[in-house]
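Chemist: Next comes the sequence, and after it the predicted model I'd like to discuss.
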Amino acid sequence: SFDQNRGCWDLFLYEDIKRVLQDHTTFSSRKDSSRVDSIVSMDPPDHTLFRSFISDSFKPKKINLLVEDIQRNTDLLLNDFVSSKKLEIINEIAYPLPIRIIAKLLGLPIEDYKLFQKWSQSIVNRPNTNDSNSYQNNLRQVTKSVMEMDKYFKDIVLNKRVYPKDDIISHLASIKVNSSLIEDKTLYALIRTILVAGNETTANLIGNSVVSLLENPNILLQIQRDFSLLPIAVEEVLRYRSPVQCLVRTATVDVEIGGKQIKKGQEIVIWIGSANRDESIFYDSDSFRLDRVSNPHLDFGFGIHRCIGAPLARLETKIVLTNLLKRFPNMNFRGDAPRKISNFFVCGYDKINVSL
């Protein structure tokens, strides 16, 4: 359907959305032809080139080498709450863990993780509002965070070029394209995207998993009896409470979708969260179930823009949940109900209080 106020199309059905995701020629990721902010808003051949620079760092073989590090960091975080018997999932475990891991992969100082968290939340957690003043204030805050991040990255990149190490920033800072180093603004955008995407989706996936399991005690009990079911549960969380709710594409030509004529240049918002609840694809789609024979959710995307960090997000979530459920088998909600993020781009919570 076309929204006159927003001036864009909304797509809700699974097959339509899958078509858009896999056809990058007709449906471009670029919002502005004059500039590209990050790999997320690139089309081939740029996307293919820049994705190749970082893809090796996120292959399952390399990600599996992080198991001990993820386990150690999870232990360190959870040890603080053994005596208190209470925990706030989002800010005390769901954010600190993935942001430390992605910082290490990038080659950023892990002790600055709270700074990275502040910037990430500023960029991603935009409030649902039609108020122009709130929108402008939020835009200013996002711009401020991006400028602060780029200033921070500048010194890091300069240091890595002189004293390179075995990390993603050192690798990116040394790459030459057509005999020249990657332009600084593009390099900063790549680092920024990896940092933000590398912790935001995982943090929300961890939080959404805790809520989904505590809401379904029978399923929780099944998993506590057989932890081999946990990966299935995580996939169901990705479908049922999709951390990424929507993406935006732009039509490069006049095209028909679902009997509607979309003009060249018009924006299309593809609602991943809706596609993952499409009853023509998912039986009993509004229920959280472990017995799905097939679960082809689209939360990590589809086609060339499929999330490169998906194996890492799955691994971190599995390790965190395993430790939480084994250490604290009687974990349950505490106090006020979990507080959802006020942002239609993502599904997540900014506070989940539990007793241990």
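Modeler: Yes, it's here.
Chemist: Quick one: classify residue 344 as helix, strand or coil.
Modeler: coil (DSSP: H, G, I helix; E, B strand; the rest coil).
Chemist: Tell me if I'm right that it and residue 246 touch.
Modeler: Yes - using CB atoms under 8 Å, residue 344 is in contact with residue 246, at 7.0 Å. C-beta: built from backbone N, CA, C; applies to glycine.
Chemist: Between the two, point out the one with more neighbours.
Modeler: Taking neighbours as other CB atoms under 10 Å, residue 344 and residue 246 compare with residue 246 leading, 19 against 14.
Chemist: what's across from the more buried one in the sheet?
Modeler: residue 271 (DSSP bridges).
Chemist: Report the contact partners of it.
Modeler: Residue 246 sits next to 269-273, 344-345 when contact means CB atoms under 8 Å, 6 or more residues apart in numbering.
Chemist: Next, count neighbours for residue 247.
Modeler: Residue 247: 21 surrounding residues under other CB under 10 Å.
Chemist: isn't it right next to residue 274, touching?
Modeler: No - the pair residue 247 and residue 274 does not pass the contact test of CB under 8 Å, sitting 11.9 Å apart.
Chemist: which residue is nearest the centroid of the protein?
Modeler: residue 201 (2.5 Å; CA atoms, centre = their mean).
Chemist: Doesn't that one belong to a helix?
Modeler: Yes - according to three-state DSSP, residue 201 belongs to a helix.
Chemist: quick one: it and residue 61, what's the gap?
Modeler: Using CB to CB, to the nearest Å, residue 201 is found at 21 Å from residue 61.
Chemist: same thing with residue 115?
Modeler: Taking CB to CB, one finds residue 115 at 31 Å from residue 61.
Chemist: just residue 330 next, same as before
Modeler: 37 Å.
Chemist: Now the residue of the chain positioned farthest from its centre: phi and psi?
Modeler: Using CA atoms, centre = their mean, the residue of the chain lying farthest from its centre is residue 179. It sits 33.0 Å away. Main-chain torsions, residue 179, degrees, to the nearest 10: phi 70, psi 10.
Chemist: One more: residue 290?
Modeler: Torsion angles, degrees, to the nearest 10, at residue 290: phi -100, psi -10.
Chemist: And it, what's its pLDDT?
Modeler: On pLDDT, residue 290 comes in at 95.
Chemist: How much space separates it from residue 332?
Modeler: 20 Å.
Chemist: And the helices in the protein, which stretches?
Modeler: Ranges of helices within the chain are 14-22, 46-55, 60-63, 67-79, 89, 96-106, 113-124, 132-162, 168-174, 184-215, 217-225, 230-240, 272-275, 310-327, based on DSSP state H.
Chemist: Residue 282: which of those helices is closest?
Modeler: Nearest to residue 282 among these is helix 230-240 (6.8 Å), distances taken as CB to CB.
Chemist: for the closest one, the distance to its chain's centre please.
Modeler: 15 Å (CA atoms, centre = their mean, to the nearest Å).
Chemist: between residue 115 and residue 61, which one's more packed in?
Modeler: Taking other CB under 10 Å, residue 115 and residue 61 do not tie; residue 115 has more neighbours (16 against 8).
Chemist: low pLDDT regions in the chain?
Modeler: Scanning the chain for pLDDT under 70 picks out the ranges 31-37, 125-135.
Chemist: and if we set it to 50?
Modeler: 33-36 (pLDDT under 50).
Chemist: What's the end-to-end length of stretch 284-303?
Modeler: Length of stretch 284-303, first residue to last, CA to CA, to the nearest Å: 26 Å.
Chemist: Isn't residue 215 up against residue 332?
Modeler: No - the pair residue 215 / residue 332 is not scored as a contact, 10.7 Å apart, by CB under 8 Å.
Chemist: What about the closest residue to the residue nearest to the centre of the chain other than its chain neighbours, how many residues nearby?
Modeler: Nearest residue to residue 201, sequence neighbours excluded (CB to CB, 6 or more residues apart in numbering): residue 243, at 5.0 Å. Per other CB under 10 Å, the neighbour tally for residue 243 reads 26.
Chemist: re the thing from before, narrow the contacts of residue 246 to just the buried residues.
Modeler: For the contacts of residue 246, a burial check counting by 16 or more other CB atoms under 10 Å picks out 269-273, 345.
Chemist: Any figure for the gap between the closest residue in space to residue 54 that isn't next to it in sequence and residue 260?
Modeler: Among residues not flanking residue 54 along the chain, residue 168 sits closest, at 6.2 Å (CB to CB, 6+ apart). Taking CB to CB as the measure, residue 168 and residue 260 are separated by 41 Å.
Chemist: One more: residue 74?
Modeler: Residue 74 is 47 Å from residue 260, by CB to CB.
Chemist: same deal with residue 210?
Modeler: Separation of residue 210 from residue 260 (CB to CB) stands at 39 Å.
Chemist: Looking at those two, which is more packed in?
Modeler: residue 210 (28 against 12).
Chemist: The more buried one and residue 346, how far apart?
Modeler: Residue 210 sits 16 Å away from residue 346, going by CB to CB.
Chemist: quick one, what contacts residue 308?
Modeler: Neighbours of residue 308 in contact, by CB under 8 Å, 6+ apart: 51, 54-55, 58.
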